[in-house]
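*Asks:* Turn this into a model:
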Amino acid sequence: MNLQNIKQTVLVTGASSGIGQGIAIAFGQQGANVIINYHSDEEGALHTLNQVEEGGGKGFICQADVGKEEEVARLFEAAVEAYGTVDVVINNAGIQRDSSFSEMTLDQWNKVLSTNLTGHFLCAREAIKIFEKKSAAGPEDKAKGNLIFISSVHDIIPWAGHVNYASSKGGILMLMKSLALEVAPKKIRVNGISPGAIATDINDEVWKDDAKRKELLKLIPYQRIGQPEDVAKVAVWLASPDSDYITGTTIYVDGGMTLYPGFVDNG
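*Replies:* Numbering: from 1, shown residues only. Predicted coordinates for the structure are as follows:
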């Protein structure tokens, strides 16, 4: 599909690396205006912007901690000031602070929930406010706005040693569904993408190590580790009119990781 004639304005949180960077670049290749949010990696954000522009899009970078209400408000104000509105919001920013449960500190718990769940709530709220201001659509018209939550297979797969992370992702799943139900009558679509093992900097100690990579592949029936582009292509499609009748749905981009791979040989 091609969004060149639509010229969407897309805001992507956590877009300085990994999945967020891949999504921002993919929208740039569709000719979109892309607001590239980052927390601390300005160099990475500038690289994303360069790739967006090389692909035919436009945009700018904007620093903001998505877990802080005033900074999220500033981020969206900058987007509206630059382009008049926002058509698509990709709630992607996320962090890990891993620990065994008995040793997990309140700070580790709060930091992950602040970014991964509260951050998604704050950005979603600003997105919905903008979408609601758009002209009322008729029953046969397309969505006024698209909100996409980037979660994880750990919204349904438990993960020992990562209770804070898995809890935040499980929260995103129900946040997405409940919000989708609430705003669907307003012609606003809300969906989720839950990636499995994707080769990014956050897990490079696994996929770059031959032994660890071999063990990881045992969890992936499709027998390859995903790339940011695998997620990005789904995000572009979910934000397009081609998927207009889809809302409240999570698409698992995981090579079959959620298919109970231990049963691949009859268990």
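
*Asks:* What is the subsequent helix or strand relative to the worst-scoring helix or strand of the chain on mean pLDDT?
*Replies:* One helix or strand of the chain scores below all others by mean pLDDT, DSSP states H and E: helix 204-207, with a mean of 78. Later in the chain than helix 204-207, the nearest helix or strand by DSSP states H and E is helix 210-217.

*Asks:* in the least confident helix or strand of the chain, what's buried?
*Replies:* Under the neighbour-count criterion of 16 or more other C-beta atoms under 10 Å, helix 204-207 has residue 207 buried. Where C-beta positions appear, they are placed from N, C-alpha and C, glycine not excepted.

*Asks:* Counting by contacts, list what it packs against.
*Replies:* Applying 3 or more C-beta pairs under 8 Å, 6 or more residues apart in numbering; DSSP states H and E, we find helix 204-207 packed against helix 210-217.

*Asks:* Quick check: buried residues in the helix it packs on?
*Replies:* Buried residues in helix 210-217 (16+ other C-beta under 10 Å): 216, 217.

*Asks:* Give me the helices and strands touching that helix, please.
*Replies:* helix 204-207.

*Asks:* Show me what the helix it packs on is in contact with.
*Replies:* 197, 199, 212, 213, 216, 225 (C-beta atoms under 8 Å, 6 or more residues apart in numbering).

*Asks:* Low-confidence bits of this protein, can you list those?
*Replies:* 1-6, 136-140, 267 (pLDDT under 70).

*Asks:* What segments of it are strands?
*Replies:* Assigned by DSSP state E, the strands in the chain fall at 9-12, 33-38, 58-63, 88-91, 145-150, 188-195, 250-253.

*Asks:* JSON lines for these, including distance to residue 106 and mean neighbour count?
*Replies:* Below are those laid out as JSON lines (distance: least, C-beta to C-beta, whole Å; neighbours: other C-beta atoms under 10 Å):
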{"stretch": "strand 9-12", "distance to residue 106": "30", "mean neighbour count": "30"}
{"stretch": "strand 33-38", "distance to residue 106": "26", "mean neighbour count": "28"}
{"stretch": "strand 58-63", "distance to residue 106": "26", "mean neighbour count": "19"}
{"stretch": "strand 88-91", "distance to residue 106": "25", "mean neighbour count": "29"}
{"stretch": "strand 145-150", "distance to residue 106": "25", "mean neighbour count": "26"}
{"stretch": "strand 188-195", "distance to residue 106": "27", "mean neighbour count": "25"}
{"stretch": "strand 250-253", "distance to residue 106": "29", "mean neighbour count": "20"}
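
*Asks:* all helices for this protein, in order.
*Replies:* Applying DSSP state H to the chain gives helices spanning 18-29, 42-54, 69-83, 106-113, 119-132, 163-183, 204-207, 210-217, 228-238.
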